[in-house]
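sequence first, predicted model second:
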Amino acid sequence: MKLPNPFKRDDGSAAAEMVMVLPFLLALMFGSAEAGNYFLDEHGLVKQVRDGARYAARLPLEANYTCPNTISSSADTLIKNVTRTGTVTGAGTGRFSSAYWARTCTGVAQPITVTIRCVDANDYSGIYSSLVGDIPVVKVSAAISYRSVLGELGMPTANLCLRAESEAPVIGS
């Protein structure tokens, strides 16, 4: 009886190949999930900021905005409510929970800021032709800390900050 040569056996070759490929497969799987979650959160933030800027553009011009760079505190609160929750009362849920908005980025004092800049009205006609002074352009900005899928699983992650901003000229209601 002839003994088999141990160097020519291939009984465990599939298992050995799987052990070598498994780290790459896991990295690809978790990396894809993390990238998808990042882009979903970023897209949601961009949509919320755009909603806030659109709402700000429709507020009455004379009662809420004056150039240079003044916005009424009530309009500021309403715009932030719409950006955060999707409602003027601030009672809605929006795309992110209130706990998510509480996670501010390092070095950012407020997660949502509303500013205006004034554009020379002489350069425009149409709805702005009767306006005395300049045209206010509202800018809504938001910066919140990204909630990582891997971080929720207890793995160390980088401190990423999601940022979005949108501008809209005020046209009033």
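Structure's in. What do you need?

going by C-alpha atoms from here, please, whenever you check contacts or count neighbours.
Fine.

poorly predicted segments of the protein, please.
Scanning the chain for pLDDT under 70 picks out the ranges 1, 6, 125, 127-132, 156-157, 173.

please name the residues that touch the residue most central in space within it.
Residue closest to the average C-alpha location in the chain (Cα atoms, centre = their mean): residue 45, at 2.7 Å. By Cα atoms under 8 Å, 6 or more residues apart in numbering, the contact set of residue 45 is 95, 142, 162, 163, 164.

could I get the contacting residues of the residue nearest to the fourth one when sequence neighbours are not counted?
Read it as residue 163. Spatial nearest neighbour of residue 163, chain neighbours left out: residue 143 (4.4 Å); criterion: Cα to Cα, 6 or more residues apart in numbering. By Cα under 8 Å, 6+ apart, the residues touching residue 143 are 104, 105, 108, 110, 111, 112, 161, 162, 163, 164.

just among the contacts of residue 45, which is most surrounded?
residue 142 (24 neighbours; other Cα atoms under 10 Å).

looking at it, it is touching residue 109, isn't it?
No - counting by Cα atoms under 8 Å, residue 142 sits too far from residue 109 to count as a contact (10.8 Å).

burial measure for residue 102, as a count.
By other Cα under 10 Å, neighbour count at residue 102 equals 12.

mind checking how far it is from residue 172?
Using Cα to Cα, to the nearest Å, residue 102 is found at 31 Å from residue 172.

same check, this time on residue 17
On the measure of Cα to Cα, residue 17 and residue 172 end up 66 Å apart.

compare these two and say which is more crowded by neighbours.
residue 172 (16 against 10).

checking that one next. Helix, strand or coil?
coil (DSSP: H, G, I helix; E, B strand; the rest coil).

now do the contacts for it.
Contact analysis of residue 172 by Cα under 8 Å, 6+ apart lists 57, 58, 59, 60, 61.
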